[in-house]
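Q: return a 3D structure for these sequence lines:
(one chain, ligands or ions: 1)
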Amino acid sequence: MLVHLATLALLAVGILGSESPRFVAINLRCENLPEPSYVDRDAPRLSWKTQTSEANWHQSAYRVIVASSQAGIKADTGDLWDSGKVDSPDSVGIVYRGKPLPPNALCFWKVQTWDAEGRDSGWSQVGKWEMGLLQPSDWGDAKWIGNGQPGPAPFLRKEFNLKGPVKRARLFACGLGYAELHLNGGPVSPGVERDPGYTNFDKRVLYVAHDVTAQLKLGQNCLGAVLGTGWYDVHDIATWHFEKASWRGRPRAIAVLKIEYKDGTAEQVVSDSTWKTSIGPILTDGIYTGETYDARKELTGWDKSGYKESHWSPATVLDAPKGKLAACPCPPVIIGETIKPFAIHEPKPGVFIVDFGQNFSGHAQIKLTGPAGTSVRMRYSERLNKDGMIQRSEIETFMEKTKPVQPFQTDTYVCRGGGSETWEQVFSYSGFRYMEVTGFPGTPTVDNFRGRFAHTDLKSAGSFACSNELLNKIQHATRYAYLSNAQNIFTDCPQREKNGWTGDAQLAAEAGLMNFDSTTLYEKWLNDLEDAQFPDGRTSIIVPTWGWGSGNSHPAWDSAYPIVVGDLYRYRGDRAMVEKHFEHLKRYVDGLAKLTKDGVVPFDSLGDWVPWSTETPSQVTSTAFLCLDATIVAKLAKVLGNSIDVEKYTDLAAATKKAFNDAYWDEAKGVYSNGSQCALSTALYYGLVPEDRKERVFNALVADVERQGHIDTGIIGAKNVLRVLSEGGRTDLAYKIVARKEQPGWGWWIEQGATTLWEDWKGESSLNHIMFGDVSNWFIQWLAGIGLDEGSPGFRRFFIRPQPVGDLTWAKATHESPYGEIASSWKKDGKRFHLSITVPPNCTATVILPGSDSKPIQVGSGKREFSAQLP
Ligand code: BGC
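A: Presented below is the predicted three-dimensional model:
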């Protein structure tokens with residue numbers, strides 16, 4: 001019999017004196033970003049968290065005010081919006097309902113909250129957002145410009161005069177494929193790379209904005225841009241043939257610099273034919289091939305006023321892309337970490353292999369001194385041959401065999417000469433752990449190189465660690481694989497394809513949401529999914545696409561659309577994306593339902609991809625996904641209060657469930673289809689199993705896992721098996737298959753030296769894929785036990801259900817929920833079990849201590865300790 005004690009430990013956060021309010025709204029966000037400076041939603045969404053020293057804190061009401069000036073907000077006047085006191089516990093997805101916001105507007109805001117007893121917090125600190133450009137006319141006379149010529153990357157420059165001191169200046173720009181913007185002698189935002197983003201450029205092109213007030217000066221100034229080809233002008237010939245994209249054209253940019261002077265007047269500088277253009281050191285840049293840079297051709301001082309531009313030509317005005325200009329809703333791709341190499345070897349004279357000790361996406365920065373014209377070549381790879389040379393046959397396979405042979409993941413740097421030089425590529429990236437360097441002047445050391453991990457700037461929002469080092473390494477590998485594949489879209493791998501394979505993204509979405517503040521990247525990618533959809537609901541297996549991969553139905557991949565919308569609502573509790581995409585989701589599900597025969601999906605399609613030894617017929621998984629999709633759409637219809645669609649899609653889910661059972665249930669064996677782990681777990685997890693069959697199906701799954709002793713699925717089953725085992729009370733068995741070191745399994749990869757997750761159990765393909773990454777979600781939600789409560793979106797209510805299984809002696813996890821940080825940390829001390837948790841303000845946790853007879857305990861916010869006796 002278990003004895004458990006719930007001891008309550010109130011925690012003084014320590015910021016609040018006796019005079020101050022005991023709670024206050026913090027972490028003010030607009031559109032899920034701290035202080036966004038180019039919002040193009042008419043009604044931006046606001047959110048906040050609460051800081052308090054009080055336990056069991058709940059919000060009963062809020063008041064938001066938004067002012068057009070700092071003075072206004074200081075005086076507590078919301079000239080743009082005053083929500084008034086709203087009785088509501090909500091602090092996420094609060095929609096602005098004030099005066100229409102003009103382009104480039106400044107908005108200051110703050111919030112006051114009331115607790116359950118009706119006491120108020122006083123005002124929060126001031127938050128801010130700025131509006132972007134909302135209409136094509138907001139770009140004034142700005143034109144798309146470039147040089148229109150094949151060949152090296154175009155440089156663009158424009159000098160202009162400022163007549164007086166500047167109060168505020170904003171630079172809005174979009175450069176396709178990529179633009180590095182410069183102002184008065186340097187990049188506008190040092191460290192930020194590869195802006196704006198990758199979309200279907202025929203539908204939407206993304207702009208960014210920068211506050212450049214401090215970079216401007218009285219008198220003559222110089223604005224500039226360097227343009228990369230990116231996904232807009234793909235000229236590398238690979239299987240997906242992006243060189244055929246209808247949007248393709250030579251790089252071009254549009255820009256408008258809006259200047260407000262201190263004397264109240266305003267002015268703008270726009271991109272047009274008065275700009276000048278030249279070519280410089282970037283001789284080639286390609287998304288798959290890499291970059292060639294000849295430093296002898298650098299245009300020293302080109303981005304400063306007074307530069308002699310006599311050899312530059314007038315910029316060419318080029319056609320605007322077909323897509324509409326829209327603000328990029330997510331952070332840019334940045335360098336998140338600089339990695340010092342682990343070792344350098346010289347397997348052949350003059351061939352140096354740099355080992356970064358970590359597989360990642362990004363660049364290598366090279367520092368060297370050499371005579372002018374020295375050409376150094378860098379080729380990137382995930383593997384080494386036995387002889388110590390790089391091996392790339394698994395990842396270069398989709399490059400077409402052209403004549404002359406195209407480079408692949410290769411950079412070439414030609415020295416300027418005359419001193420120390422530092423360089424890294426800017427317009428593409430590679431996926432690698434190893435780098436082969438040839439032509440290096442002298443003998444390099446690790447100090448000549450740095451790895452530069454490039455990915456969308458997603459802040460960490462979760463963690464996991466436990467007493468088993470193997471699992472900690474799997475967690476590490478998952479996080480690196482996730483970030484490596486967060487490249488303004490969700491990609492499959494950073495080396496071979498760099499494509500937005502939808503199945504990979506949907507399978508990793510929950511792990512991504514538990515580990516990272518990735519909301520805005522999912523919101524961005526949902527726009528891409530919207531753009532990829534046909535009127536009849538069909539979509540594409542890679543998104544964005546110019547056409548490759550689109551048109552045919554692949555339910556397990558296409559379901560990314562409903563799944564990601566559903567996951568965003570489940571994990572973040574904001575209904576905005578549901579409202580925005582609901583009609584599209586219906587169109588997709590309706591389209592798929594039309595393709596069924598006797599209620600099941602009758603054609604072969606992508607299914608439980610890269611299985612170990614047992615394949616699951618793809619019609620089984622496809623039909624299961626239809627049921628899941630219909631269930632999600634019914635749930636989302638309920639969120640929107642749309643009872644007609646609740647009924648319609650509940651009926652579709654029920655009909656699909658019946659058809660699935662009619663087609664695939666084997667009464668004699670008590671299994672679905674061939675009884676594979678994937679078929680059984682998927683049927684259970686997606687709600688296809690009638691009540692009276694559940695036990696048999698679960699037992700059959702357990703029996704197969706026990707008999708084989710390992711996971712025997714592809715990517716779909718790998719996600720579902722772990723959850724279904726845990727939900728059925730067999731986390732011990734799930735742990736066994738995750739913690740094993742033999743093949744197949746995550747642990748075997750780690751034993752082979754993996755530092756990111758691999759594409760397949762056999763280790764035959766890419767070594768940096770994320771589609772097996774839900775294991776990290778399982779670590780956090782099951783082993784450490786921070787569990788989503790399906791009835792309570794955004795973790796307003798959640799479970800703490802630690803699972804002290806196997807040889808684990810401790811485990812801990814955190815998750816930064818929309819209401820604040822949730823933490824769960826447990827340890828075993830002989831038979832004694834200790835648990836420490838943090839419940840954020842405005843939330844309630846249902847704590848289930850280990851042991852079959854332990855009753856759930858409801859606890860409010862605060863830090864708490866529990867202990868229990870294990871059997
Ligand atoms: C990609 C996968 C993808 C699959 C589907 C592969 O080449 O790398 O991650 O989902 O194709 O066919």
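Q: quick one: buried residues of the helix or strand harbouring G717?
A: Using DSSP states H and E, G717 maps to helix 715-727. Buried residues in helix 715-727, defined by neighbour count with 16 or more other Cβ atoms under 10 Å: I715, I716, G717, A718, K719, N720, V721, L722, R723, V724, L725, S726. Bear in mind the C-beta positions are built from the backbone N, C-alpha and C, glycine included.
Q: the fourth one against D774, yeah?
A: So that's A718. Yes. Assessed by Cβ atoms under 8 Å, A718 is found in contact with D774 at 7.2 Å.
Q: how distant is the helix holding G717 from the center of its chain?
A: 22 Å (Cα atoms, centre = their mean, to the nearest Å).
Q: please apply the same query to stretch 128-141.
A: For stretch 128-141, the distance to the chain centre is 26 Å (Cα atoms, centre = their mean).
Q: and that stretch, what's buried?
A: Result for stretch 128-141 [16+ other Cβ under 10 Å]: buried residues K128, W129, E130, M131, G132, L133, L134, D138, W139.
Q: repeat for stretch 216-234
A: Taking 16+ other Cβ under 10 Å as the criterion, stretch 216-234 shows 216, 221-234 as buried.
Q: just the ones in helices from these, please.
A: Assignment to helices by DSSP state H places none of the buried residues of stretch 216-234 there.
Q: pull the distance from stretch 531-550 to the chain's centre.
A: With Cα atoms, centre = their mean, you get 20 Å for stretch 531-550.
Q: quick check: K85 touching G118?
A: No. Counting by Cβ under 8 Å, K85 sits too far from G118 to count as a contact (10.5 Å).
Q: the more surrounded of those two?
A: In this view K85 and G118 are compared by other Cβ atoms under 10 Å, and K85 has more residues nearby, 14 against 8.
Q: gap between the nearest residue to A245 once chain neighbours are set aside and the ligand?
A: Sequence neighbours aside, W546 is the residue nearest to A245 in space, at 3.4 Å (criterion: Cβ to Cβ, 6 or more residues apart in numbering). Relative to the ligand, W546 is positioned 17 Å away (Cβ to the nearest ligand atom, to the nearest Å).
Q: who touches W546 in this structure?
A: Counting by Cβ atoms under 8 Å, 6 or more residues apart in numbering, W546 touches N200, F242, K244, A245, S246, W247, R248.
Q: look at it and give its secondary structure.
A: Here W546 is recorded as coil under DSSP: H, G, I helix; E, B strand; the rest coil.
Q: F453 pairs with what?
A: Counting by DSSP bridges, F453 is bridged to E337, G362.
Q: neighbours of it, how many?
A: Neighbours around F453, by other Cβ under 10 Å: 20.
Q: got it, and the one 3 residues further on?
A: When counting by other Cβ under 10 Å, one arrives at 24 neighbours for T456.
Q: spatially nearest residue to it (excluding sequence neighbours)?
A: In space, and not counting its chain neighbours, T456 is closest to A486: 4.4 Å by Cβ to Cβ, 6+ apart.
Q: ok, the one you found - contacts?
A: Taking Cβ under 8 Å, 6+ apart as the criterion, A486 is in contact with H455, T456, L458, G512, F516, S518, L521.
Q: now with 7 Å, please.
A: H455, T456, L458, L521 (Cβ atoms under 7 Å, 6 or more residues apart in numbering).
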